[in-house]
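> Give me a 3D structure for the following:
(one chain, ligands or ions: 1)
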Amino acid sequence: MVNKITVVGAGNVGATAAQRLAEKELARTVVLVDVVEGIPQGKGLDQWQSAPIEGFDSRLIGTNGYEETAGSDIVVITAGIARKPGMSRDDLLNTNAGIVKQVSEQIKKTSPNAIIIMVSNPLDVMSWVAKQVTGFPRERVLGMAGVLDTARYRAFLAEAMDVSTRDIQAMVLGGHGDTMVPLVSYTSVSGIPVRQLLAADKLKAIVERTRGGGAEIVGLLKTGSAYYAPSAAAVQMCEAIVLDQKRILPCAAWLEGEYGMSGLFLGVPCKLGRKGLEQIIEVELTPDEKAALEKSAEAVREPMGAIKL
Ligand code: APR
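Predicted structure coming up:
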């Protein structure tokens, strides 16, 4: 375990992530931060009281300030507003950019060596805001999207084929939006290419459902967006870093020439270890996949231009 992981935003995603981090004992202390008075303190205390039952030794605390977060090894940012029905992730742009900017300034001051995992949407753009404001190297700013989008894709595939979710290897690249790029050519069931097991029309429908996976849940919940799978995805990234697992996971990373692109965060296969982003892996793409990735990059670049930091 590491000494300290901070989760900023004690809402649905943040509080669930904090509980998962503690249950996995990934940090000695898990700090929950929120602007609303009493909420992080109350949730932190409630969660800490689950320790004797669940049997974990991580200490959970909640606060409205950043003193308690000082020297964090990892900071997961979930602060912001969540989507309501009919809203796209980009509709959250300016509100969340202001929040992420303010949070990033605090992290820079109190945890200058932290690895940031961005969850607030629109994710790819918010990762850029955090990188700009903190000046952290790209190894220490990552966005959580690909793990979640891939989990949705894997869940739908498992259901369609009636097989274990564990046996499905897949990757969804690109931005965290309607333009995301599920890589069908790299999707397999225990090594068996998925195209041998599932008809093309069914596969196409699953790819479409994956692209709208977040909106499907927003439509059902009506008052907020998904949080069980998003928090699990952020915690899987933390686990890969804390345990130096060298896992290859799709994450939003700052591109410096990879896939022929630079100057933006985009979902690509990343090796995660104790240093954070340890490598970006460039896989061969079909011309269609390459075109889809470039289109997705455009959808990330556009809102970046609308933000003044
Ligand atoms: N500092 C700390 N916390 C803040 C700040 C801030 N400056 N501004 C807002 N918050 C807190 C809110 O008080 C709230 O408790 O962020 C929390 C957000 O929680 P929810 O509204 O429950 O939203 P959630 O579902 O957790 O989603 C958070 O993650 O998946 C993304 O799109 C989602 O951007 C959204 C974020």
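> Got the domain ranges for the chain?
Here the domain parsing of the chain from automatic domain parsing is 2-143, 146-304.
> how about the longest one against the ligand, any contact?
Yes: on the criterion Cβ under 6 Å from any ligand atom, domain 146-304 is in touch with the ligand at 224-225, 227, 230. In this view, the C-beta of every residue, glycine as well, is placed from N, C-alpha and C.
> Report the rounded mean pLDDT for stretch 97-106.
Predicted confidence along stretch 97-106 averages 97 (mean pLDDT).
> got a list of contacts for it?
The contact list for stretch 97-106 (Cβ atoms under 8 Å, 6 or more residues apart in numbering) reads 8, 66, 69, 77, 79-80, 116, 118, 120, 125-126, 129-130, 133-134, 307, 309.
> Counting neighbours, which of those end up buried?
8, 66, 69, 77, 79-80, 116, 118, 120, 125-126, 129-130, 133-134, 307 (16 or more other Cβ atoms under 10 Å).
> helix or strand for Leu93, which one?
Under the criterion of DSSP states H and E, Leu93 resides in helix 93-110.
> Could you tell me the phi and psi values at the residue lying closest to Lys246 once chain neighbours are set aside?
Leaving aside its sequence neighbours, Lys246 sits nearest to Gly273 (Cβ to Cβ, 6 or more residues apart in numbering; 4.8 Å). Backbone torsions of Gly273, given as degrees, to the nearest 10, read phi -150, psi -170.
> and if you look at Glu278?
phi -100, psi -20.
> Provide a list of residues in contact with Thr134.
104, 107-108, 116, 141.
> Could you identify the most distant pair in those residues?
Lys108 and Val141 (11.3 Å; Cβ to Cβ).
> Looking at these two, which one has more neighbours?
Val141 (28 against 16; other Cβ atoms under 10 Å).
> confidence score at the more buried one?
pLDDT, read off for Val141, is 98.
> Would you mind measuring from it to the ligand?
16 Å (Cβ to the nearest ligand atom, to the nearest Å).
> Kindly report the same for Thr134.
Taken as Cβ to the nearest ligand atom, the span from Thr134 to the ligand is 15 Å.
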